[in-house]
Each structure stands twice: as C-alpha cells, then as structure tokens.
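Q: fold the stuff below for me.
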Amino acid sequence: MNRGGGLFSEGVSQWIGAVIASTAARLRLKPTHLTLINLVIGIGLSTAVVLQADSLPRWLGALALVGWQAAYAFDCADGQLARVTGQGSIAGARIDIICDVATQIALVTALAAVAEAPVWLAAAFAGTWMVNLVTSVLATSDKAASMVTSTSLPVRLVKLIRDYGALILVAGLVLTFAPQWMIWVVGAFTVINGVFLIASIAFTARAALR
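A: All right, here's what the predicted structure looks like:
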C-alpha cells in the first residue's frame, strides 16, 4: 500500500522496498536509518565509478547496476516504514529529500564522467535530470496534477522513460556492457527531460491562466 512511482518502480523497486521496510520494522530501525543507507550505497558506488571512469572494469559496472537498484529500494522503503509505523516527521521528510539530491548528484556525475560528455552537455544533463526529482517532490502536493491522467498499460509503458527505477536500470546495463554508448544515453536523457520540462511549463501555465 501507499506505493508510488512508475510501472517499474511500483512493480520492482517499491516491492523490494516493502520487504526492506518490513524487515526494518522487526529490527526496530528508523526510516532515517534506511535513508542514510541509500545515501552511503548510492554515493559510494557513484564515486567508485567516477574514479574508474577512464577504464571502467565490467565488474564495477555490474556492481553499480545492482547497487543503484538496492539504494533506490532503500529510498522506497524509508517512506513506507515511516507511514506504516507512524514515525514520519518534518525532519525525516527533509533528510530524505536532501539525501535524494546528494545521491542523484553523485549518479549524474558518474554517468557524465563515463560518457566523457562535453561541458555543455554535462551541464544540460545535470540540470534536466533534476527535473525528475523536482517533479517527484511536487507530486506529493495536494495541488499536484498529471498532464496525462490515463492509467492504461500503453500509457504506463510510455511513462517508463520518466520512471527513476527504469532509468537507472538502463544506465546500469549500459555501464556494464557498453560504456562507450553512455554518451548517447546521457544525450537521450537530456532530451527527454528537457522536453518534459517544456511540456510541464506549458501545461501548468495554461492551467494557471484559465
């Protein structure tokens, strides 16, 4: 219950997060413990990738693939644990967002480093990637609204291009098996997020001017 995200995140990441949250509840851990585990795993693996970006060994790519998914599962688990056990707090919600920002900055840095992206593309990639995080935070508001409200399977499949769990899966697979293609992945993510940002501005401005 209370699981959010896209098709992949709901079916995989949030499900694993539920198992983690259940285990954490039995161990009497706090949601912030899970948040900090996400931070340590995410930043630790991304830092390792940055340090080995010039000649990334396949085992490290595979480790990042699995580790980034694990970190995201812990990120999914902290909110579930907080809601189920009534341990939610303003400070807890704030540290969750701050750690998400830090983890995603590290991830973006790692992908840009492997891609050897030019400065302009790295900057655009980093800026537009944050659209994912900002829109996720805005989606928790009672004023949130989706541009496409349909929950049909075809629509949800298309929306996978905005699903964080699916995005890091793609990035991890490319990192493991074809790191030389990372420049194309970075470029594609930049275009997709840029288009979504423009569409969001237009949709929201139209609604606000009615």
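Q: look up how far Gly44 lies from the spatially most central residue of the chain.
A: Closest to where the C-alpha atoms of the chain average out (Cα atoms, centre = their mean) is Tyr164, at 3.9 Å. Using Cβ to Cβ, to the nearest Å, one gets 19 Å for the distance from Tyr164 to Gly44. All C-beta spots, glycine's among them, are computed from the backbone N, C-alpha and C.
Q: ok, now Trp59?
A: The gap separating Trp59 from Gly44 is 15 Å, by Cβ to Cβ.
Q: now swap in Ala18 and tell me
A: From Ala18 over to Gly44 the distance is 24 Å, taken as Cβ to Cβ.
Q: same check on Leu51?
A: 11 Å.
Q: same thing with Phe177?
A: 22 Å.
Q: same question for stretch 6-24, mean pLDDT?
A: For stretch 6-24, the mean pLDDT works out to 92.
Q: pLDDT score assigned to the residue nearest to the centre of the chain?
A: Per-residue confidence (pLDDT) for Tyr164: 90.
Q: make 21 the starting number, not 1.
A: Okay, using 21 as the starting number, the last item reads as Tyr184.
Q: so which helix or strand takes in Ala227?
A: If you go by DSSP states H and E, Ala227 is part of helix 202-228.
Q: one step back: so between Trp79 and Gly64, which is more surrounded?
A: Comparing Trp79 with Gly64 by other Cβ atoms under 10 Å, the one with more neighbours is Gly64, at 13 against 9.
Q: cheers, nothing more for now.
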